[in-house]
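# Could you work out the structure for the sequence below:
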Amino acid sequence: MKPTEGRRRVIIEDIQPQIDAGRHPAKRVLGDTVTITAAIFSDGHDHVAARLLFRHESQKKWHTAPFTALPNDIWSATFTVDKLGPWRFTLEAWVDHFDTWVSDLDKRLAAQSGIAPQTRQPEPTQQVGPQDIPLALRIGANHLDAAAARAKGAGATKLKAAAAELRTQADANLPFYLSPITPALIALVAKYPDLSNATKYPVELPLWVDRERARFSAWYELFPRSASAVPGQHGTLKDVATRLPEIAAMGFDIVYMPPIHPIGVAFRKGPNNSVTAAPGDEGSPWAIGSPEGGHTAIHPKLGTLADFDALVAAAADQNLELALDIAFQCSPDHPWVKEHPDWFTHRPDGTIQYAENPPKKYQDIYPLNFESPDWRGLWDALYGVFKFWIDRGVRVFRVDNPHTKALPFWEWCIAEVHSHTPEAIFLAEAFTRPHVMYSLAKAGYTQSYTYFTWRTTKPELQAYFEEICNPPVADFFRPNLWPNTPDILHEQLQISDPAARHAIFQQRVILAATLSSNYGIYGPAYELLEWRPAKPTPGKTGSEEYLDSEKYQIRTWDRSSPDSIAPLLTVLNEVRRANPALQRNENLVFHPCDNPNILFYSKSTAADLDSADADTNTILIAINLDPWAEHAATVDLQLDKLGLPWKGFFEVEDLLTGAIYTWRDQWNYVALKPSTAAHIFRIIR
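Residues are numbered from 1 along each chain as shown. Alright, predicted model coming up:
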């Protein structure tokens, strides 16, 4: 290897955060203080210095921030992101000859007086004897002259004067010397570093900044077809608008609707996914496209584009955002089938390949072929779908099965959208392999569905959330937890016993809402405790499909049912909004307890709990994972992780009931009946 500049002696390694060596951006939220760490070191005993360079991509000028040394050659610097979209940062480090000289001078002065160097400026009465001090002072004067040459104006003048003062002291040949170096002089020299032999990290690392909704949100999914107040009557977008105040009152932020486009007739599915539809059957909203239009059209039974625009405005009036489902697939009746046959896979008999996941068959859906010769035209058309709805005011998209589409497409498409709409949020419905799920997040997806639905035991929950709530995963992946979806009625929820069913539905939604700052439910099925599977099997669950699923038919829901847990959801969302500790994920800490059926964890706003004060918001959550029985446990609060002294009394308030308890010291007792499901405690400081 041919050397380029042998005088650059500083090494820069292990910069964090970075994703795949800078291939993808780490993610933060507007207003965040971003901490950058790196290993920075050089040979020998010379001191090093470093600075962070950062800028929004719309800016040409770099801003700088100094690095501070931590133990073991690790350095840290921070900056605040004040603009949405793409940022860049890199590092520059150099041998700091002046700081090395100051340190050596301190040692010389201390050696002359026989004391160890405590500070860089001895007491005025302290006398020290000479030990090559005059020569050292002249070397220091040379450093100050060099700094003066790099400085301008008053800074240069002060540095020249300081250099002259050092030479005056050196020429005086005194028997004892006082330190001439002040903190102000050190700070002045640091403003004009010698970068002639600085090492600059060769890569500008990316950072993406989202709006706050990306980090903290509560989603409510509903089918517009079932929104009518008249039983059995097809709902409309206007009917959805009448439901918005109720959803807002429950404390949700985002209302998400499955596809609202025309539904194909060919191979239409009947109730409970039957392969034949009777006259009047509505079909699946995910079989998109008919002569009335495709992905940029509204199902005629739902209304018009004008009705849609009114719904967007009505949601904004309730401080809600409207999320659309983007499902890139087509019914056999979609206009693209005739207009762009190359966008689909053709079988040897000339027919188009329908969607299959053997033994499941979806004859009413044609998947798109991302290896089409006209892949460029396909990409442009799909991007155009997002652009169409963005132009109508949509900023939040839930994307159906993105892992079945080309990953390079998503990286390009999301970047195109973000280039003009950086506030757009993309939720990946990707129940797939971890590397694929994480790749979608790296490609630009803001949030993602998770494996939470299938993590039911204490060890499973703790291991999974320790993985996804800590770096490196947490730097690019934001979990959104759903205890149910129209596709997934987990066996845990398939309980016929009313009391146990009530307990498990409470348990799972409290877990979702407190383990993650982003969560959602498919309603009204969830708050009404819908539990009936499509194909029950004696002794075990035979299906995760709902019986009489809204995916294939209209449902009428009795939202006034006394069994509804809507009041719990309302309180839960109020608790989340009132407690900043529940609005992020990287602060999740699991605490040991002696019962495998009790999961205990905390979240706190204090980054450094050693300095936690009265304004620190700390939440403790205890969950009974058994819907059938009461359980109790002794919990190790690990008080250092809560910013509390190891000995003493303190109070906690149960935010679900208002009850206040007095606790003391490290170990405390909790007990939970199934009907209670959980405690959400706030430490009263």
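# List phi and psi for residue 225.
The phi/psi pair for residue 225 (degrees, to the nearest 10) reads phi -60, psi -20.
# and the gap between it and residue 332?
21 Å (CB to CB, to the nearest Å). Using the backbone N, CA and C atoms, a C-beta is placed for each residue, glycine as well.
# The two: who's more crowded?
residue 225 (25 against 21; other CB atoms under 10 Å).
# quick one: contacts for the more buried one?
Residue 225 makes contact with 234, 235, 282, 285, 301, 302, 550, 554 under the criterion CB atoms under 8 Å, 6 or more residues apart in numbering.
# Tell me who's in contact with residue 86.
25, 56, 57, 206, 207, 208, 209, 418.
# Kindly recompute the last result at 6 Å.
residue 57 (CB atoms under 6 Å, 6 or more residues apart in numbering).
# the longest helix in this protein is where?
Longest helix in the chain, counting residues (DSSP state H): helix 153-172.
# Tell me the pLDDT of the residue lying closest to residue 133 once chain neighbours are set aside.
Spatially, and ignoring its direct neighbours in sequence, residue 133 is nearest to residue 177 (4.8 Å; CB to CB, 6 or more residues apart in numbering). With respect to pLDDT, residue 177 has a value of 84.
# Same question for residue 111.
pLDDT, residue 111: 81.
# swap in residue 172?
86.
# Equivalent analysis for the one 10 residues further on, please.
Confidence at residue 182, expressed as pLDDT, is 92.
# measure it to residue 99 for me?
14 Å.
# Just want to know which of these two has more residues nearby.
Neighbour count, other CB under 10 Å: between residue 182 and residue 99, residue 99 has more, with 18 against 12.
# Find the nearest non-adjacent residue to residue 158, please.
Nearest to residue 158 is residue 188, by CB to CB, 6+ apart, at 6.2 Å.
# Which of the residues in whichever helix or strand the one you found is part of are classified as buried?
For residue 188, the host element (DSSP states H and E) is helix 183-190. By neighbour count, with 16 or more other CB atoms under 10 Å as the criterion, the buried positions of helix 183-190 are 185, 188, 189.
# tell me which strands and helices the helix or strand that it is followed by is in contact with?
Sequence-wise, the next helix or strand downstream of helix 183-190 (DSSP H and E) is strand 199-200. With contacts defined as 3 or more CB pairs under 6 Å, 6 or more residues apart in numbering; DSSP states H and E, strand 199-200 has no helix or strand neighbours.
# In its sheet, which strands sit next to strand 199-200, and in what direction?
Sheet pairing of strand 199-200 (DSSP bridges) gives strand 85-95 (antiparallel).
# just the CA coordinates of the longest helix of the chain, formatted as PDB?
Output of helix 153-172 as PDB, limited to C-alpha atoms (Å, rounded to 0.1, in the frame of the first residue of the first chain):
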ATOM      1  CA  GLY A 153      -8.100  39.800  14.700                       C
ATOM      2  CA  ALA A 154      -8.100  40.000  18.500                       C
ATOM      3  CA  GLY A 155      -7.400  36.300  18.900                       C
ATOM      4  CA  ALA A 156      -4.100  36.600  17.000                       C
ATOM      5  CA  THR A 157      -3.100  39.700  19.000                       C
ATOM      6  CA  LYS A 158      -3.700  37.900  22.300                       C
ATOM      7  CA  LEU A 159      -1.800  34.800  21.200                       C
ATOM      8  CA  LYS A 160       1.200  36.900  20.100                       C
ATOM      9  CA  ALA A 161       1.200  38.700  23.400                       C
ATOM     10  CA  ALA A 162       1.100  35.400  25.300                       C
ATOM     11  CA  ALA A 163       4.100  34.100  23.200                       C
ATOM     12  CA  ALA A 164       6.100  37.300  24.000                       C
ATOM     13  CA  GLU A 165       5.300  36.800  27.800                       C
ATOM     14  CA  LEU A 166       6.600  33.300  27.700                       C
ATOM     15  CA  ARG A 167       9.900  34.400  26.100                       C
ATOM     16  CA  THR A 168      10.200  37.200  28.700                       C
ATOM     17  CA  GLN A 169       9.900  34.600  31.500                       C
ATOM     18  CA  ALA A 170      12.400  32.300  29.700                       C
ATOM     19  CA  ASP A 171      14.900  35.100  29.400                       C
ATOM     20  CA  ALA A 172      14.500  36.100  33.000                       C
END
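# What residue, apart from its backbone neighbours, is nearest the residue most central in space within the chain spatially?
Centroid check for the chain by CA atoms, centre = their mean gives residue 478 as the closest residue, at 3.4 Å. Once flanking residues are discounted, residue 478 sits nearest to residue 447: 4.7 Å by CB to CB, 6+ apart.
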